[in-house]
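S.K.: Pasted the sequence and its predicted model underneath.
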Amino acid sequence: MKAGNISVQTENIFPIIKKFLYSDQEIFLRELVSNSVDACQKVTTLSRLGEIPEPNEKPKVEVILDQEKKQLIIRDNGIGMTEAEVEQYINQIAFSGAEEFVSKYKDAQIIGHFGLGFYSAFMVAKEVEIHSLSHKKDSQAVKWVCDGSPSYSIENIEKATPGTDIILHLADDALEYNEEFKLKEILDKYCRFMPVEIYFGEETKWEEDPSGEIDEKGNAKRIEVKVPRIINSTNPLWTQKPSDLTEEDYKNFYRDLYPSSFEDPLFHIHINVDYPFNLTGILFFPKIKNQMEAQRNKIQLYCNQVFITDEVKNILPDFLTLLHGVVDSPDIPLNVSRSYLQADSNVKKISAHITKKVADKLQSMINSDRNDFEQKWDDISMFIQYGVLTEEKFAEKAQTFSLYKNTTGEFKTIEEWKEKIGETQKDKNGKIIFLYSTDEHQQHAAIEMAKERSWEVFLLTSPLTAPYLSKIESKYNDIQFKRIDSDIPEKLIEKDITSHSALNDAEKDEVKKQLEGWINNQKFNIQFENMSPNDPPMIITENEFMRRMKEQQALGGGGFFGSLPETYQLIINTNHPAAQDMRNEAGRSKAEEALALAQLSKGLLTGSELTAFLQKSYHRLQNT
């Protein structure tokens, strides 16, 4: 038997590994299984090249739990190691056997990039053994043992078949991993798509009785049998050719990824790139509507079919994190723990490519089936708006597939609407005014006044409407968006028309003085406008700029505009008969009723004011 010290730069690296190297302790199992999968794939590569004999059995990895001995064994029938290779790959921390192998055999699909993965075993083990026999001819099996100190021992042993057993003697503070359900949970999370079959425990299946016995109905009798449990699918959907797959295949895969999701995705994108970087995956578009946060962190990142993380904010633009699915790339650089991404040029290229693929998919959908795209619009509009706000390259492409729906359900792009409303909704300054509503029920009265003038009103109900419209206005010099209740109709689309007022300036001053005494409300700024006698006597509006700034800052958590009190314009219709009556005390009841109706229309009549208005209305009914 031979003894020695592991080659490390520090006196004892194991406490560092145990406490700081990995963000999640459970990752040890992913690392060890990944190493075993690598070992199996090396056999496949070398046997194909004729450097070693063809193996007698297909590659596999076994995870074995011995609860009585508190041992966890990861066994593979992979390439195995000689004593010299153990010295090279195990005793010199951070020298990765996978890294060296890939440099020699460029086309090999090997997971590992670092030599530290094996040492994650010491996060949960008080002692680790390696029993290994190389596939190389006339190799001698060896046993390596280390108790978590820099010292180790290595000796020759007998081993019947090539491959490696990693035996973990679980530490007293890691006995949660001495439970089958816990290990299966970890294997399901990290290893469910690894490219070599992984066996763990047994499962029950129903099979026909081999004795040929039949049941009372004359059918072959079925019996329960215990069979080895395979926990992974070695050929996941994203590794297959899209031409070989059906729509139902994609839906089934989505349900497998998200079993708690009750809705099928709207559509998907299958990514397959091999130059200038390797990237595969499937992205699904869920029904997002207005539930942004609920959709995040649903994209799973893999490296050669090994799960890394579902936190992809460093590799995908923020708006793409609203999608679901899988992204797999060996070219995404990882740190030694494989738990966090390192930003580099490849990440930027991959991010840009995925953004382009998503934009191209949306464009192809609107080009190939406009009606179907319109039907999906309400479910994807906020995703597109978020992309326009946060990713400039996507914003440039989105102009041709971003739609705007009017109150009658008609969809058009900005350019298409400009062509339709360019004359009827152009103001005196030459700008085309896009009138919009964020709530067609609450803003119904204002919408109806617009319809009376044959104006189009668009429905924009997303929480992102305010910043989105500001972004769009910055792209076009000839359009402006105004919410339908932000001003009176005559001011929404201003024309060079002089209108008559039934009140002169002195009468306006009288009305204003009376109203200020009656209303006594600091949030109303009283103004006079020359409107139609058929329009309401009072209308409450909210300045477009101020409201939009407040909404934008509310999305960001506050700010100067977000802290300002609510203020509204109380517009007095100078041509309504009731306006003349408001000049003296006799018109107070009319003014109060007109104000209550204006507040009711705006959704501002609440609490005691609403109760008082209702009681007054009930009383009037009793006396008629």
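M.R.: Structure received.
S.K.: okay, now Glu207: neighbour count?
M.R.: Counted with other C-beta atoms under 10 Å, residues neighbouring Glu207 total 11. Bear in mind the C-beta positions are built from the backbone N, C-alpha and C, glycine included.
S.K.: and it, that's in a strand?
M.R.: Yes: counting by DSSP: H, G, I helix; E, B strand; the rest coil, Glu207 is found in a strand.
S.K.: Contacts only, for it.
M.R.: 222-223, 225 (C-beta atoms under 8 Å, 6 or more residues apart in numbering).
S.K.: Filter the residues you listed down to just the ones in strands.
M.R.: 222-223, 225 (DSSP state E).
S.K.: Throw the residues you listed into CSV and include distance to Cys191, thanks.
M.R.: Listed next are the ones in strands among the contacts of Glu207 as CSV, based on distance: C-beta to C-beta, whole Å:
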residue, distance to Cys191
Arg222, 31
Ile223, 30
Val225, 25
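S.K.: could the residues you listed be laid out in CSV, adding neighbour count and distance to Tyr190?
M.R.: Below are the ones in strands among the contacts of Glu207 laid out as CSV (neighbours: other C-beta atoms under 10 Å; distance: C-beta to C-beta, whole Å):
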residue, neighbour count, distance to Tyr190
Arg222, 13, 34
Ile223, 12, 34
Val225, 13, 29
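S.K.: Closest one to Val33 out of those residues, please.
M.R.: Nearest to Val33 among those is Val225, at 26.2 Å by C-beta to C-beta.
S.K.: so what's that closest one scoring on pLDDT?
M.R.: Per-residue confidence (pLDDT) for Val225: 85.
S.K.: partner residues bridging it?
M.R.: Val225 has these beta-bridge partners by DSSP bridges: Lys205.
S.K.: wait, it sits on Glu203?
M.R.: No: look at Val225 against Glu203 with C-beta atoms under 8 Å: they stay out of range, at 9.8 Å.
S.K.: For Gln580, give me its contacts.
M.R.: Shown in contact with Gln580 (C-beta under 8 Å, 6+ apart): 502-503, 507, 587.
S.K.: one more time with 7 Å, if that's ok
M.R.: Counting by C-beta atoms under 7 Å, 6 or more residues apart in numbering, Gln580 touches Ala502.
S.K.: mind checking how far it is from Ile572?
M.R.: For Gln580, the distance to Ile572 (C-beta to C-beta, to the nearest Å) stands at 11 Å.
S.K.: longest helix of this protein?
M.R.: If you go by DSSP state H, the chain has its longest helix at helix 345-368.
S.K.: Report the distance from the strand or helix carrying Leu65 to the chain centre.
M.R.: In the assignment (DSSP states H and E), Leu65 maps to strand 60-66. In terms of C-alpha atoms, centre = their mean, to the nearest Å, the centre of strand 60-66 is found 34 Å from the chain centre.
S.K.: can you list the residues that contact it?
M.R.: Here strand 60-66 makes contact (C-beta under 7 Å, 6+ apart) with 33, 36-37, 40, 72-77, 180, 183, 187, 196-200.
S.K.: ditto for stretch 231-241
M.R.: With contacts defined as C-beta under 7 Å, 6+ apart, stretch 231-241 is touched by 184, 187-188, 191-198, 200, 245, 249-250, 253, 280-282, 305, 326, 328.
S.K.: Could you turn the buried ones of these into a PyMOL selection?
M.R.: Applying 16 or more other C-beta atoms under 10 Å to the contacts of stretch 231-241 leaves a buried subset, and the PyMOL line that selects it is:
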select buried, resi 184+187+191+192+193+194+195+196+197+198+200+245+250+253+280+281+282+305+326+328
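S.K.: Of the contacts of stretch 231-241, which belong to helices?
M.R.: The helices, defined by DSSP H, take in 184, 187-188, 249-250, 253 from the contacts of stretch 231-241.
S.K.: Could you dump the residues you listed into a markdown table with distance to Leu597 and pLDDT added?
M.R.: Compiled in a markdown table, the ones in helices among the contacts of stretch 231-241 are given as follows (distance: C-beta to C-beta, whole Å; pLDDT from 0 to 100):
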| residue | distance to Leu597 | pLDDT |
| --- | --- | --- |
| Lys184 | 65 | 96 |
| Leu187 | 66 | 97 |
| Asp188 | 61 | 95 |
| Asp249 | 59 | 96 |
| Tyr250 | 54 | 97 |
| Phe253 | 56 | 96 |
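S.K.: name the helices or strands packed onto the longest helix of the chain?
M.R.: Secondary-structure packing of helix 345-368 (3 or more C-beta pairs under 7 Å, 6 or more residues apart in numbering; DSSP states H and E): strand 267-273, helix 392-398.
S.K.: All good on my end, thank you.
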